[in-house]
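Participant: Predicted model and sequence below, questions to follow.
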Amino acid sequence: MFNFKLGACARRWAGDESGATAIEYGMIACGVSLAIIVAAFLLGDSLGSFFSSLAGDITDAEARID
């Protein structure tokens with residue numbers, strides 16, 4: 001009798017996939033975070049120079065308006 005209950009409990013536990021979805025979402029979030037970090041690392045210098053150039057252009061435009 002105990003063996004039967006233990007087997008039924010083990011089968012029920014093995015068939016439970018409720019935590020699998022949370023793990024999958026966690027893996028997706030980790031992958032997206034890793035992609036953002038890599039992109040920021042690879043594009044960091046060029047984005048910095050782009051925004052510096054843009055700030056200079058805005059400053060020049062303001063100077064022409066005044």
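Facilitator: Yes, it's here. On a predicted model such as this, the values are computed, not experimentally measured, just so you know.
Participant: Name the single longest helix found in this protein.
Facilitator: If you go by DSSP state H, the chain has its longest helix at helix 18-65.
Participant: Can you give the distance of that one from its chain's centre?
Facilitator: Chain-centre distance of helix 18-65: 12 Å, with CA atoms, centre = their mean, to the nearest Å.
Participant: and if you look at stretch 9-25?
Facilitator: In terms of CA atoms, centre = their mean, the centre of stretch 9-25 is set 24 Å apart from its chain centre.
Participant: can you give me the end-to-end distance of it?
Facilitator: In stretch 9-25, first residue to last residue: 27 Å (CA to CA, to the nearest Å).
Participant: State the mean pLDDT of it.
Facilitator: Taken as a whole, stretch 9-25 has an average pLDDT of 74.
Participant: try stretch 30-48
Facilitator: 92.
Participant: Now do the buried residues in that stretch.
Facilitator: For stretch 30-48, the neighbour count (16 or more other CB atoms under 10 Å) marks no residue as buried. For the C-beta atoms, the positions are set from N, CA and C on the backbone; glycine is no exception.
Participant: related to what we said a few turns ago, and the longest helix of the chain, what does it pack against?
Facilitator: In terms of contacts (3 or more CB pairs under 8 Å, 6 or more residues apart in numbering; DSSP states H and E), helix 18-65 is packed against no helix or strand at all.
Participant: ok, T21 - how many residues close by?
Facilitator: Counted by other CB atoms under 10 Å, the residues lying close to T21 total 9.
Participant: actually L54, not the one I wrote
Facilitator: Using other CB under 10 Å, L54 has 10 other residues around it.
Participant: what do you get for A61?
Facilitator: If we define neighbours as other CB under 10 Å, then A61 has 9 of them.
Participant: what's the neighbour count on T59?
Facilitator: By the measure other CB under 10 Å, the count of residues near T59 is 10.
Participant: Roughly how far does it sit from A14?
Facilitator: Remark: distance between T59 and A14 (CB to CB, to the nearest Å) = 66 Å.
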